[in-house]
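**Q** Return atomic coordinates for the entry below.
(one chain, ligands or ions: 1)
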Amino acid sequence: SRVRHYKFNVVMKNTSRLCSTKPIVTVNGNFPGPTLYAREDDTVLVKVVNHVKYNVSIHWHGIRQLRTGWADGPAYITQCPIQPGQSYVYNFTITGQRGTLLWHAHILWLRATVHGAIVILPKLGVPYPFPKPDHERVIVLAEWWKSDTEDVINEAMKSGLAPNVSDAHTINGYPGGSPNCSSTDGYQLDVTPGKSYLLRLINAALNEELFFKIAGHKFTVVEVDATYVKPFTTDTVVIAPGQTTNVVLTASKRAGKFAIAASTFMDTPVVAIDNLTATATLHYSGTLSATPTAVAAVPARNATPVADTFSNSLRSLNSKAFPAKVPKTVDRSLLFAVGLGINPCPTCRAANGSRVVASVNNITFVMPTTALLQAHLFNIKGVYTTDFPGNPPTPFNYTGAPPQNMATVSATKVYRLPFNATVQVVLQDTGIIAPENHPVHLHGFNFFVVGKGSGNFNPKTDPKRFNLVDPVERNTVGVPSGGWVAIRFTADNPGVWFMHCHLEVHTTWGLKMAFQVDDGKGKNQSVLPPPKDLPNC
Ligand code: C2O
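**A** Residues are numbered from 1 along each chain as shown. Next up is the predicted model:
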């Protein structure tokens with residue numbers, strides 16, 4: 001194992017897309033930002049220097065951060081933000097993980113442009129559990145707004161309504177050909193006939209789940225969220241914000257140009273204005289420039305069956321070398337009702353200033369002004385309480401129509417877990433405004449997705465059908481619209497860990513909470529002492 005040093009300068013950079021130029025917040029001037037490379041067992045030191053007017057923090061999404069929660073990054077959860085002119089060195093070791101993850105800003109809406117890939121290679125000499133592809137490429141999917149994203153969310157909070165959608169999706173930073181602009185600003189994936197390519201796909205978008213497709217080609221899915229899966233073939237990848245998917249693409253044609261597309265998947269009947277589908281080109285070497293590009297037919301925006309087929313195909317590899325360590329019994333069984341609500345009074349506002357409120361078990365989480373982990377480690381009283389409810393206040397009954405008692409309480413509460421407890425959380429979509437898929441992300445852990453269904457979770461019958469053998473292991477999972485998903489994990493990582501919807505607007509509205517995992521009594525079971533440069537609030 002080695003120590004790897006990175007320097008992330010957070011700087012403004014004038015950037016042009018869709019025929020207009022605006023200053024954006026970037027790391028080292030790049031959109032997307034630099035790829036962080038490491039091997040399993042390496043220690044990574046990233047010095048983040050804040051040269052912009054905003055407070056900043058960076059999250060290493062999916063890195064377990066065993067006992068190093070103060071390097072996790074969510075502002076006001078595990079650290080106070082890095083203030084303008086200040087710096088902080090994130091220092092963590094990658095233990096028991098290899099694959100693709102992402103890093104991103106974890107404060108305000110800065111994630112829109114402050115994000116990049118994390119590539120964790122296996123230990124030296126350890127092969128992939130699938131035939132080694134000839135080449136590897138990182139593909140970051142995101143969004144582009146013509147306006148300033150901080151203005152977008154600030155205006156939405158003022159009006160009380162939903163924020164504007166982005167103007168376009170992007171593939172490695174570019175929307176691709178757009179009707180009124182130059183069509184040359186698209187990413188080009190160059191391939192040689194007959195070769196295979198490991199594509200490391202990342203959805204770094206703020207608010208959009210995506211379909212990803214390449215005309216005339218199929219993918220073999222081999223990994224999600226840095227865990228290996230049983231390989232399967234698909235012509236469409238479905239990927240939610242915060243999720244990563246590794247696929248093998250074989251350049252099976254002799255020559256030609258094939259469109260690559262990333263388009264919105266939104267499992268809701270609400271009529272939305274569609275963002276521009278991002279396009280890129282798969283380009284075979286030796287193709288004549290006059291060759292037309294084969295068009296990629298993306299699924300319809302609400303093609304839920306396509307998304308279901310994809311997610312139902314995901315299974316842990318569960319091999320000898322990579323066993324699925326699914327908790328077979330649970331010490332804590334929790335039911336979290338997650339969803340959005342709208343205050344019927346037009347001038348009324350929740351504590352966060354919004355008319356739309358989002359909640360978990362009727363709690364609209366309020367960000368504290370001191371980081372929870374710092375309060376926990378340094379015994380600062382009055383920052384949060386540990387009475388987050390393990391069940392909805394009244395038994396939840398999903399009927400598809402607004403149920404009774406959806407009033408929410410604004411508070412900073414965490415759910416406390418003993419070290420090493422086995423935990424099951426059933427995430428039940430409340431579907432108050434409209435059923436909507438929520439990609440829920442848990443920091444500090446991977447979890448197993450043991451079951452999922454539509455309508456109400458039935459605690460008597462549904463657990464009988466749980467997959468405790470080879471469920472997919474990941475860090476971000478879609479709670480189905482008007483349905484539920486059950487996850488299990490072992491609380492083997494002491495600290496304070498955020499859990500939230502990775503659609504940024506839902507997090508802003510309050511669809512978030514945190515777990516506090518106590519230190520264990522044994523050796524190596526407590527949070528390591530935080531570094532001296534950990535910022536103060
Ligand atoms: Cu990728 Cu808390 O987020």
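**Q** what residues does this structure put near the ligand?
**A** Proximity of the chain to the ligand is confined to 59, 61, 74, 104, 106, 242, 441, 443, 498, 500, 502 under the rule CB under 6 Å from any ligand atom. Backbone N, C-alpha and C define where each C-beta goes, glycine included.
**Q** For the third one, which non-adjacent residue is spatially closest?
**A** If you skip the residues right next to it in sequence, residue 74 has residue 106 as its closest partner in space, 4.4 Å away by CB to CB, 6 or more residues apart in numbering.
**Q** Identify the bridge partners of the residue in the chain that the ligand sits nearest to.
**A** Going by CB to the nearest ligand atom, the ligand is nearest to residue 61 of the chain, at 3.7 Å. The residues paired with residue 61 through beta bridges, assigned by DSSP bridges, are residue 102.
**Q** secondary structure class for residue 505?
**A** helix (DSSP: H, G, I helix; E, B strand; the rest coil).
**Q** residues contacting it?
**A** Residue 505 makes contact with 153, 156, 162, 163, 206, 207, according to CB atoms under 8 Å, 6 or more residues apart in numbering.
**Q** By neighbours, which of those wins?
**A** When neighbours are taken as other CB atoms under 10 Å, the top entry among the contacts of residue 505 is residue 206 (27 neighbours).
**Q** Skipping adjacent residues, who's closest to that one in space?
**A** Leaving aside its chain neighbours, residue 206 sits nearest to residue 504 (4.2 Å; criterion: CB to CB, 6+ apart).
**Q** That neighbour reaches residue 208, doesn't it?
**A** No. The pair residue 504 / residue 208 is not scored as a contact, 10.0 Å apart, by CB atoms under 8 Å.
**Q** Can you check which residues contact both of the two?
**A** Common neighbours of residue 504 and residue 208, counting by CB under 8 Å, 6+ apart, are residue 241.
**Q** coming back round to it: and the residue nearest to residue 206, what's its pLDDT?
**A** Note for residue 504: predicted pLDDT of 95.
**Q** List the contacts of it.
**A** Taking CB under 8 Å, 6+ apart, we find residue 504 in contact with 109, 111, 112, 153, 206, 207, 241.
**Q** That one and residue 65: what is the separation?
**A** Counting by CB to CB, to the nearest Å, the gap between residue 504 and residue 65 amounts to 21 Å.
**Q** likewise residue 246?
**A** For residue 246 relative to residue 65 (CB to CB), the value is 22 Å.
**Q** for residue 290, same thing?
**A** As judged by CB to CB, residue 290 and residue 65 stand 52 Å apart.
**Q** Of these two, which one has the most company?
**A** More crowded of residue 290 and residue 65, by other CB under 10 Å: residue 65, with 26 against 5.
**Q** Surely that one is in contact with residue 90?
**A** No. Using CB under 8 Å, residue 65 is not in contact with residue 90, being 9.5 Å away.
**Q** list the residues that contact both of the two?
**A** With CB under 8 Å, 6+ apart, residue 65 and residue 90 have common neighbours residue 71.
**Q** just to revisit the earlier point, and for the residue of the chain closest to the ligand, the neighbour number?
**A** Counted with other CB under 10 Å, residues neighbouring residue 61 total 29.
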